[in-house]
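1. need coordinates for the below:
(one chain, ligands or ions: 1)
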Amino acid sequence: MSYAPSPNNGKSLAWSNTRITLLERCERKYYFNYYPFALKVPHPELWAETLVLKGLKSIEMRVGEKSHYLLSDYLHLLKTHIQEWNNASSLRDTQVQDLKEQIKAEMETEFMFSKTRDYQDYEHSFGKFGLSEHFYGEDYQALPVAIEKVWGNLDHFIASKWEEKVQEYFVSAPIVYVERPRVPNFEAMKVAISRLPGLEDVSVLASPDFWVSLSDTSYLILDWKSGKEDVLQNNISNQLRVYALKMLLKKGLTSLEGMHIEAYEIYLKNMNAYGGVLTQNDITTIITKIWNDVNEMKQFLKDQNVKENIPLDPFIFRKTSNTKKCETCTFRKVCAKLT
Ligand code: SF4
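-> Numbering: from 1, shown residues only. Take a look at the predicted model:
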């Protein structure tokens, strides 16, 4: 069958750290994740199945997502009730327990739904929750462990020095922003990357979990991490650099001169923090990286046109040679069929 891609999905090429990492991990997986619409005309069944798989999450991914929800809910409540909670700790304990019970109930409901869901019902699958462990029929029973991890992540934060700092900012800083991951604001997530030459038609979305404006020229950025620490982690990650770049571009700047931006990634499992004060080299490095990454991603597009963003034939996207990566890949079922 000759390959005829569907029209694009109306979106120009987007850059993210996750996206380029996925491309480097497995080109074929990158294709399934970002270009399933291109399968619709030549392989309608495969397209439908790929969409179902794209919507799945592993239980560990779900732990990360729910940890972010719970911490965000907690911080919003803290912001509103800071005085009352400081005057009556029992009130605080009760409300924190209520938040925990709420997230537990959500996870139990979703787990049961995922377990009994008909994964062959492609027609009504859009937006439905599912765990990849259930799709692949793995005998996974550890929901209580997952709930414990989510609760534990909040407990670690509450017991840490970061909680005290956050309280101070709520009281004294002119602007404190707490992300609401349950209701992402895509407009607010946009990075004004089109201001940079060569990136006019590229979109970048990024939003840190928490940031504080201490003055017009001084910012602190915090980002919660629920996974394992990266053993190769440099002091300032690329993700933190993107957040800092976003702050600068918002002000029409690409230079840190006269600005002070400090940023940390905080691992909720043990509250280890990685980061520091951003330098101009961090900003230059991330701009160059985005530019190089976009050039790499362009090689997989028809006419290298980032605005149209139509992928080449799926077989151009090579499978990883490291079959170990395939063992837990969400797309392994459709990958085996696309031959
Ligand atoms: S199963 Fe392996 S080769 Fe196929 S998409 Fe997943 S990681 Fe890539």
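
2. any idea how far Glu60 is from Ala263?
-> With distances defined as Cβ to Cβ, to the nearest Å, the gap from Ala263 to Glu60 amounts to 25 Å. For every residue, glycine as well, the C-beta is placed using N, CA and C.

3. how about low-confidence regions in the protein?
-> Low-confidence segments of the chain, defined by pLDDT under 70, are located at 1-9, 139-141, 231-234.

4. before we move on, the earlier item: for Ala263 and Glu60, indicate the residue with more neighbours.
-> Counting neighbours by other Cβ atoms under 10 Å for Ala263 and for Glu60 shows that Ala263 has the greater number, 27 against 15.

5. the more buried one contacts Ile236, doesn't it?
-> Yes. Under the criterion of Cβ atoms under 8 Å, Ala263 makes contact with Ile236 at 6.8 Å.

6. overlap in contacts of the two?
-> Contact with both Ala263 and Ile236 is made by residues 275-276, 278, according to Cβ atoms under 8 Å, 6 or more residues apart in numbering.

7. quick check, nearest of those to Thr339?
-> The shortest gap between Thr339 and any of those belongs to Gly275, at 45.1 Å (Cβ to Cβ).

8. hang on, the earlier thing: of the shared contacts of Ala263 and Ile236, which is the nearest to the ligand?
-> Nearest to the ligand among the shared contacts of Ala263 and Ile236 is Gly275, at 31.0 Å by Cβ to the nearest ligand atom.

9. could you list the buried residues of the helix or strand harbouring Val63?
-> The secondary structure element spanning Val63 is helix 59-87 (assigned by DSSP states H and E). Of the residues in helix 59-87, those buried under the neighbour-count criterion (16 or more other Cβ atoms under 10 Å) are 59, 62-64, 66-75, 77-78, 85.

10. got it, and stretch 253-268?
-> Applying a neighbour-count criterion of 16+ other Cβ under 10 Å, the buried positions in stretch 253-268 are 256, 259, 261-268.

11. what distance separates the start and the end of it?
-> The straight-line separation of the ends of stretch 253-268 (Cα to Cα, to the nearest Å) is 32 Å.

12. having no further points to raise, I will conclude here.
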